[in-house]
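Trainee: fold the following, please.
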Amino acid sequence: MIIVKVLGGLGNQMFQFACGYALAQSNGTTLKLDITGFDNYPLRNYELDKFNVRANYASVNEIKRIKYRPMSFVEKVIRKLVKKSLTLSMHYHKEQHFHFDLNLFKTEKNIYLDGYWQSEKYFARYRDDLLQIFTLKAKLHEQTELYKKMIEEREAVSLHIRRGDYVSNAYTNSVHGICSLEYYENTVKMIIDRVKNPHFYIFSDDLAWAKEHLIFINDITFIELDKDALDHEELYLMSQCKHNIIANSSFSWWGAWLNQNAQKIVIAPKKWFNDNTINTGDLIPESWFRL
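Mentor: From the prediction side, this is the model:
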């Protein structure tokens, strides 16, 4: 049994599920989700149920059995040698770094995954499966349907600006920072140089800022969804665009990854974190551009 801890925003939840799914498929075992963290997590809600995710939820006993299983004498010796906590079992796999960890696929069948796993290298081989799994269950909001029709009729380019807590929360800002206006100017120019008659669809949690500053774009539409059209529909619209300009955000990363246009151009920021020592070399697929 693979149990994966699911926590964070929608993009993070999708990475966690995708990694767990790939590992379960690779090991020929079942996948269960630990969503108990949302019981005391006011920032976000569990949202994978908006997709065609066949989720089995791990019970408290199952979590304890794998994450905190009593260790044998040999396992305790190994734990002491590698200076790991004795409270956690040898089956508890905590993400040790941001880049791809090949050792994850050398583990045994019963493990508990705790991390973000933000690289398609964990799950790229199961892309066809995940494209089906990450389809929406419910009928689209009427407003979303209208935007979808507009997007289908044009050489649509999604452009995502993430501000929100990246600006308002001091800690989050110190970790992530925000993409500069220069980044968006350069990415738009790159698209115009490569795409005939592009039309830019702007997705942002701060549309007022976007409308004030994106005056250098001529063919532009701001995606303004009602509150009852939730995040997953916005992500869906991103994926329907022919090309994507993403922010340093797992949310727009998934919008671009789910885009099935074989000739798509995806542009991502080189700077994903303020801390340049974090290795993000495996974060962006090789076919995407980084500016």
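Trainee: what number of residues lie near residue 232?
Mentor: By the other C-beta atoms under 10 Å criterion, the neighbourhood of residue 232 contains 20 residues. Using the backbone N, CA and C atoms, a C-beta is placed for each residue, glycine as well.
Trainee: three-state assignment of it?
Mentor: Recorded secondary structure, residue 232: helix (DSSP: H, G, I helix; E, B strand; the rest coil).
Trainee: phi and psi next, for the closest residue to it other than its chain neighbours.
Mentor: Distances taken as C-beta to C-beta, 6 or more residues apart in numbering place residue 50 nearest to residue 232, at 4.3 Å, with adjacent residues excluded. Geometry field for residue 50 lists phi and psi as phi -80, psi -20, criterion degrees, to the nearest 10.
Trainee: now do the contacts for residue 50.
Mentor: 136-138, 230, 232 (C-beta atoms under 8 Å, 6 or more residues apart in numbering).
Trainee: list just the nearest of these to residue 93.
Mentor: Lowest distance from residue 93 to these (C-beta to C-beta) belongs to residue 232, with 28.0 Å.
Trainee: so that closest one sits against residue 135, correct?
Mentor: No. Under the criterion of C-beta atoms under 8 Å, residue 232 lies out of contact with residue 135, with a separation of 10.4 Å.
Trainee: re earlier: how close does the residue nearest to residue 232 get to residue 153?
Mentor: Using C-beta to C-beta, to the nearest Å, one obtains 26 Å as the distance from residue 50 to residue 153.
Trainee: among the contacts of residue 50, who's most crowded?
Mentor: Highest count within the contacts of residue 50 by other C-beta under 10 Å belongs to residue 232, 20 neighbours.
Trainee: lowest pLDDT pick from the contacts of residue 50?
Mentor: For the contacts of residue 50, the model is least confident at residue 230; its pLDDT is 77.
Trainee: how close does the residue nearest to that residue when sequence neighbours are not counted get to residue 188?
Mentor: Beyond its immediate neighbours in the sequence, the residue positioned closest to residue 230 (C-beta to C-beta, 6+ apart) is residue 50, lying 7.1 Å away. Residue 50 sits 30 Å away from residue 188, going by C-beta to C-beta.
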